[in-house]
Each structure stands twice: as C-alpha cells, then as structure tokens.
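In: Quick check, what structure comes out for this input:
(one chain, ligands or ions: 1)
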Amino acid sequence: MTKHTEHGHDGNHGQPQGHGHAAHGHGHDAGDFDWGVLGPMLEQEGELSLGQYGEAARWIAGLPAAPEVRRVLDIGSGPGVITCLLAEVFPEAEVIAVDGTPALLERARARAERLGLGDRVRTLHAELPGDLGKLEEADLIWAGNSLHHMGDQRGVLAGFAGVLRPGGAVALVEGGLPTRQLPRDIGIGRPGLEARLDALSADWFADMRVALPDAKRETEDWSALFGAVGLEPQGTRSFLLDLPAPLSARAREHVVSSFARQREALTDRLTAEDIAVLDRLLDPADPAGLHRRDDVFVLAARTVHVAGRGR
Ligand SMILES: C[S@@+](CC[C@H](N)C(=O)[O-])C[C@H]1O[C@@H](n2cnc3c(N)ncnc32)[C@H](O)[C@@H]1O
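Out: Below is the predicted model of the structure:
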C-alpha cells in the first residue's frame with residue numbers, strides 16, 4: 001500500500017521532528033501518512049545518516065555473538081539507503097528490503113541497481129504484522145525506525161524471533177535523543193523553540209501510536225521485550241550524527257524539510273507565536289530564516305538494541 005491512511009504511520013523516526021518524531025517522514029497528522037510521497041525526504045535523511053548507521057552495522061558485525069550473516073531482512077526499509085549500507089557491511093549476505101509501501105521499494109530497487117548491489121538486494125512487499133508469514137528465515141533482522149509504526153510491537157517482535165536462524169540477531173533502531181538543529185536562542189521568538197517542538201512531537205507520537213491498528217501499549221524496555229519473545233539481549237549503543245555549522249547545501253535542505261514537516265504536522269498544537277517564528281524560519285527571503293542563517297547544524301543520537309537467538 002502506498003498510503004497508510006487508516007492509522008498513522010509516521011516517517012522516519014516516528015515523529016514530526018527529524019529523528020524519531022513527527023517531522024520525519026510523517027504525514028500530516030497522526031492518522032494520515034503518505035510514505036510514498038515521503039520517499040525523497042527519507043532518502044535524503046538516510047544519506048546524511050550513513051556514517052551513523054555504518055558505525056552501528058559494523059558494531060553489530062563485530063559483536064562476540066555475531067552470527068555468520070547470509071541473509072538480512074531490513075524491515076520498514078523505506079527507500080533502501082540503509083538496505084544498501086547493510087549489503088556493503090555484510091558482503092556475504094543477500095539483503096531483503098521489506099516494506100508496506102511499493103513506491104519506496106521501487107526506490108530501494110533502483111538504488112541497489114545504481115550502486116551495483118542489484119544481485120544481492122531484493123525487495124518484499126509486506127504489511128506487518130499481517131504479512132509476517134511472508135518473511136524468509138534470516139541471520140540478521142534490522143528494523144530501523146519502523147517497529148514503532150506497528151500497533152502490536154511485541155507480536156511483531158515474536159514474529160521476528162520465529163524467523164531467526166539459530167545464532168541470528170535482531171537489531172532495533174528505537175529511541176535516542178531529540179535532534180537539535182538550531183541554537184537555544186535564535187534571536188527571534190521566545191528561546192527554546194526546539195524543546196517546545198519536542199514536547200509537542202512526543203504528544204503527537206502518543207496519539208499516532210494509539211491510532212495504529214491493534215494498538216497495544218508497551219513499556220519501551222526493549223531488553224524486557226526481547227526476553228519476553230525468547231531472545232537474549234546482546235547490547236545497546238547509541239550513535240551520533242554530528243554535522244556542525246556551516247552545513248552543506250544538502251544538509252541545510254534536509255533541515256528545512258524537517259522544520260516544514262513539523263510546522264505542518266504540529267499546526268494544531270503550536271502557539272501562534274511559534275507558528276510565526278516557524279514561518280520566518282521557512283521563508284527563503286528572510287535573513288533570519290533557515291535558508292540564510294549561519295548557525296544551522298544537525299546533532300542527532302540514535303539507539304540500537306540488539307538481541308540474539310541461541311544456537
Ligand atoms: C520512518 S520510515 C524508516 C525508513 C528506514 N528504515 C530508516 O530508518 O530511515 C518507516 C518505514 O516503515 C514502513 N512501514 C510502516 N508501517 C509498516 C508496516 N506496518 N508494515 C511494513 N512497513 C511499514 C513505511 O512504509 C516506511 O518506509
């Protein structure tokens with residue numbers, strides 16, 4: 001499906017903000033995501049985050065209990081940026097991009113061809129948890145910013161445990177820190193804009209989760225959830241994306257998209273004063289805007305939780 005209208009599936013990392021909140025790859029509100037349309041933004045964000053995820057994937061490859069990786073499932077792959085990275089880090093493996101949005105899988109396929117990885121990267125259209133039965137057995141299941149889009153996270157995790165080969169591992173990218181892209185005081189409006197956006201995003205995210213099909217509330221203790229589905233936690237680490245000012249044109253473009261998404265997704269929750277500030281930030285002609293100011297940066301932390309199945 002290209003549009004998850006029944007229940008909100010946000011984009012990137014689940015929230016309107018960049019990593020992990022509504023800004024990323026989210027639709028207009030908690031009940032209307034159009035993942036296909038978010039393709040370019042997800043791709044741009046993935047490309048900016050390659051260093052961060054490369055470090056994470058190499059950490060997994062080097063874990064004492066690391067399996068010999070012959071097949072990887074990238075669950076909720078989006079446009080396949082990380083899928084291709086996984087194919088590079090695990091050169092002996094075939095990597096399957098699994099996603100519920102065909103338009104994003106087409107992007108993943110095209111990217112794999114472009115990078116010369118077409119013979120080792122496949123795509124699988126699957127809407128989880130309904131299509132868990134379509135998953136093939138694997139040595140590594142990577143779910144990057146995708147599990148939180150599924151109502152029954154425990155059920156999906158149990159499904160992953162069921163297709164892991166002995167010695168295999170699951171890696172969840174969930175949580176981390178709210179992304180920062182501007183100083184606390186930007187010289188316009190009340191200082192602390194991003195902290196206020198984070199609070200609204202958290203609220204938005206809670207509503208998004210409640211609206212998911214078969215939504216079940218879970219304490220986000222990933223180690224405990226791993227244990228509950230018979231997997232053994234192997235480690236948790238956070239990885240930094242640190243792009244100081246001055247930003248490249250591409251990174252700046254990404255920051256602009258991320259604020260535009262927050263402005264859109266959080267409109268009903270924002271104060272009039274903060275809307276006015278966001279409109280100035282998004283105005284290409286405003287010297288205080290994101291297109292022209294010199295103090296824009298990207299600082300993000302993503303957490304990766306790994307658990308394994310016994311041999
Ligand atoms: C935020 S994006 C993450 C993309 C990529 N993994 C990353 O980390 O940048 C979430 C992806 O999960 C997919 N998705 C959301 N809910 C899904 C579901 N129930 N079944 C399969 N895919 C889903 C969306 O289509 C989207 O591509």
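In: Excluding chain neighbours, what is closest to the residue of the stretch 151-300 of the chain found nearest the ligand?
Out: Distances between the stretch 151-300 of the chain and the ligand by C-beta to the nearest ligand atom are smallest at residue 173, namely 6.2 Å. Placement of C-beta: from N, CA and C, glycine included. Excluding its sequence neighbours, the residue lying closest to residue 173 (C-beta to C-beta, 6 or more residues apart in numbering) is residue 144, at 4.2 Å.
In: so what's that neighbour up against?
Out: 53, 74, 75, 76, 77, 82, 173 (C-beta atoms under 8 Å, 6 or more residues apart in numbering).
In: With distance to residue 242 as new columns, can those be given to me in JSON lines?
Out: As requested, those are arranged in JSON lines below (distance: C-beta to C-beta, whole Å):
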{"residue": "53", "distance to residue 242": "14"}
{"residue": "74", "distance to residue 242": "24"}
{"residue": "75", "distance to residue 242": "27"}
{"residue": "76", "distance to residue 242": "25"}
{"residue": "77", "distance to residue 242": "25"}
{"residue": "82", "distance to residue 242": "18"}
{"residue": "173", "distance to residue 242": "17"}
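In: Can you list which of these are found in strands?
Out: Mapping the contacts of residue 144 onto strands (DSSP state E) picks out 74, 75, 173.
In: The last one touches residue 145, doesn't it?
Out: Yes. With contact defined as C-beta atoms under 8 Å, residue 173 reaches residue 145; the gap is 5.5 Å.
In: any weak-confidence spans in this structure?
Out: Low-confidence segments of the chain, defined by pLDDT under 70: 1-32.
In: which SS state does residue 136 fall under?
Out: Following DSSP: H, G, I helix; E, B strand; the rest coil, the label given to residue 136 is coil.
In: and it, how many neighbours does it have?
Out: Residue 136 has 12 neighbouring residues, counting by other C-beta atoms under 10 Å.
In: quick one: contacts for it?
Out: Residue 136 neighbours (C-beta under 8 Å, 6+ apart): 71, 73, 96, 163.
In: Next, count neighbours for the residue of the stretch 151-300 of the chain closest to the ligand.
Out: The burial count for residue 173: 26, using other C-beta under 10 Å.
In: contacting residues around it?
Out: Taking C-beta under 8 Å, 6+ apart, we find residue 173 in contact with 13, 56, 142, 143, 144, 145, 302, 303, 304.
In: ok so, going back, can you list the ones in strands among the contacts of residue 144 in JSON lines and add distance to residue 217?
Out: Putting these into JSON lines (distance: C-beta to C-beta, whole Å) gives the following:
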{"residue": "74", "distance to residue 217": "26"}
{"residue": "75", "distance to residue 217": "21"}
{"residue": "173", "distance to residue 217": "21"}
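In: helix/strand/coil for residue 110?
Out: Under three-state DSSP, residue 110 falls in the helix class.
In: In helices only, show me the contacts of residue 173.
Out: If you go by DSSP state H, the contacts of residue 173 have residue 56 in helices.
In: and which of the contacts of residue 173 is nearest residue 203?
Out: Distance to residue 203 across the contacts of residue 173 (C-beta to C-beta) is lowest for residue 13, with 16.1 Å.
In: sorry, back to before: which of the contacts of residue 136 sit farthest apart?
Out: With C-beta to C-beta as the measure, no two of those lie farther apart than 96 and 163, at 11.0 Å.
In: tell me, what's touching these two both at once?
Out: Common contacts of residue 96 and residue 163 (C-beta under 8 Å, 6+ apart): 73, 136, 138.
In: OK, contacts around the first one?
Out: To tie it back to what came earlier, the one meant is residue 73. For residue 73, the contact set (C-beta under 8 Å, 6+ apart) comprises 95, 96, 98, 135, 136, 138, 140, 141, 142, 163.
In: change it to 10 Å
Out: Going by C-beta atoms under 10 Å, 6 or more residues apart in numbering, residue 73 touches 83, 86, 95-98, 124, 126, 135-143, 160, 163-164, 170.
In: And the strands in the stretch 201-311 of the chain, which stretches?
Out: Assigned by DSSP state E, counting those that start in this stretch, the stretch 201-311 of the chain shows strands spanning 232-243, 298-308.
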